[in-house]
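Trainee: Everything below, folded, please.
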Amino acid sequence: MENRKEIISNFYAQHGEDGRTERSRHGQLEYRTTMTYIHRYATKRSKILEIGAGTGRYSIALAKEGMDVTAVELVESNLAVLRENSKGMERIRSFQGDATDLSRFPDNSFDVTLSLGPMYHLYEADEVNRAIDEAIRVTKPRGVILFAFISVFAIMYANYFYGNWSEGQTENFTEDHRVRHFKEQVFTGYDVTEFEDLFRGKPVEWITTAGVDGMLEPIEKRPDFSMTDKEFQALAEWYLAFSEKRELLGHTNHLLYICRKQAIHTMNLTPAAFSKIKNGTKTIELRLYDEKRKKIRPGDRIVFTETESGEQLEVRVLELSVFDSFAALYAALPLAACGYAEEELDRASPEDMDLYYSKEQQRKYGAVGIRIALP
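Mentor: Model prediction:
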């Protein structure tokens, strides 16, 4: 029985990937919309990783713009075309590799990571999760990751209205209408919320889910389809205005799940403070606004360690309120949310922080209230 790499390699040997996004209007729309989203998060100074780079359509274009691009491609024939097309270019490096194993790259290496093909061809849950985890691992904290995936419903609309509906339904759905994933599909599709749920518990913050080519692929198969360059320009601009509308996503063939890697910070807590955060009664953590705390941003995560037991608790950062002093902080923030019990509120004082920080430290750095929430 063929393994995943063999099945994918055989497919691309028969169906050339080079020029795919140029030969058709739906391919042109996919490329144009995807590049628009990439440019929202990447600059000429960005270090880019493209996983599943194919023959280099995106990697080469971004390298020509001056970005530092690393391209990884599983299929050797695609990689050979990529290397030929990028010959002599200094700002692009290419490697043969699998999305599930990016061990050649250190943690936190890239500003923007593009996974614009691997999720089409991963079927086992453990491989899907490894590919997601590896893309997150090699991305810098607060870096952006774009994962492309295919709608299972668009697969049905585009391919199974030709006297073969039953075949498509059997291949893509179980008898009770759950989505199927297995390697002989070659291309596997997702329900949009099913794909989004893959990221639950991952150290990322969802930015958006967007379609990139709408229903253009099945429409373009009509014998009376016609579109001038001027009309395509109008379509592309119109489509971008609606590409994130939830009610349209399931009909779209190719989609992007875009997220930001969360920065993770570590702090110690006394048993009493740890318990209050754990049970939800303390939702604001008070700290000196020193160099360590100045690195924290909304959307980051904090891992608290209880100083006696070593138990750990992870929270999300919602907001930071910065003050010149703890006196100003105590006057502005709700002290019950800062960990004071109701019977302690009358005697709560900024001087309570003297137990943790010297007066000199407080004058030098000021104070911050970090509003947090359990995941």
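Trainee: Quickly list what the most centrally placed residue in the chain is bridged to.
Mentor: With distances taken as CA atoms, centre = their mean, the residue of the chain nearest its centroid is residue 259 (3.0 Å). Note on residue 259: beta-bridge partners by DSSP bridges are residue 145, residue 206.
Trainee: From residue 78, how far out is it?
Mentor: Per CB to CB, to the nearest Å, residue 259 is found 26 Å from residue 78. Heads up, the C-betas are built off the backbone N, CA and C, glycines and all.
Trainee: can you check residue 161 too?
Mentor: 30 Å.
Trainee: So which of the two has more stuff around it?
Mentor: residue 78 (24 against 12; other CB atoms under 10 Å).
Trainee: For the helix ranked longest in the chain, which residues meet the burial criterion?
Mentor: Looking across the chain with DSSP state H, the single longest helix is helix 25-41. For helix 25-41, a neighbour-count test (16 or more other CB atoms under 10 Å) marks 25-35, 37-38, 41 as buried.
Trainee: Kindly report the same for stretch 285-304.
Mentor: 285, 286, 287, 288, 289, 293, 296, 299, 300, 301, 302, 304.
Trainee: shouldn't the second one be in contact with residue 367?
Mentor: Yes: with contact defined as CB atoms under 8 Å, residue 286 and residue 367 form a contacting pair (6.7 Å).
Trainee: overlap in contacts of these two?
Mentor: 326, 329, 353 (CB atoms under 8 Å, 6 or more residues apart in numbering).
Trainee: wouldn't the first one be in contact with residue 353 here?
Mentor: The reference is to residue 326. Yes: in this structure residue 326 lies within contact range of residue 353 using CB under 8 Å: 4.7 Å.
Trainee: Tell me which of these two has more neighbours.
Mentor: Between residue 326 and residue 353, residue 326 has the larger neighbour count (other CB under 10 Å), namely 23 against 20.
Trainee: what's the residue nearest to the centre of the chain in contact with, if anything?
Mentor: Here residue 259 is in contact with 144, 145, 147, 199, 204, 205, 206, 207 (CB under 8 Å, 6+ apart).
Trainee: now the helices for the stretch 151-300 of the chain?
Mentor: 152-159, 165-172, 192-197, 216-220, 229-242, 246-249, 271-278 (DSSP state H, counting those that start in this stretch).
Trainee: what's the closest of these to residue 107?
Mentor: Residue 107 lies closest, by CB to CB, to one member of the helices of the stretch 151-300 of the chain: helix 192-197, at 24.7 Å.
Trainee: Now find how far off-centre that closest one is within its chain.
Mentor: Mean-position distance between helix 192-197 and its chain equals 12 Å (CA atoms, centre = their mean, to the nearest Å).
Trainee: Quickly list what's touching both of residue 326 and residue 353.
Mentor: Shared contacts of residue 326 and residue 353 (CB under 8 Å, 6+ apart): 286, 362, 367.
Trainee: how deep is residue 125 tucked in, by neighbour count?
Mentor: Neighbour count for residue 125, taken as other CB under 10 Å: 10.
Trainee: quick one, what contacts residue 266?
Mentor: Counted by CB under 8 Å, 6+ apart, residue 266 has contacts 302, 303, 304, 305.
Trainee: which SS class is residue 71?
Mentor: In three-state terms, and counting by DSSP: H, G, I helix; E, B strand; the rest coil, residue 71 is strand.
Trainee: how much space between it and residue 242?
Mentor: When residue 71 is compared with residue 242 (using CB to CB), they lie 31 Å apart.
Trainee: what about those two, which has more around it?
Mentor: residue 71 (28 against 12).
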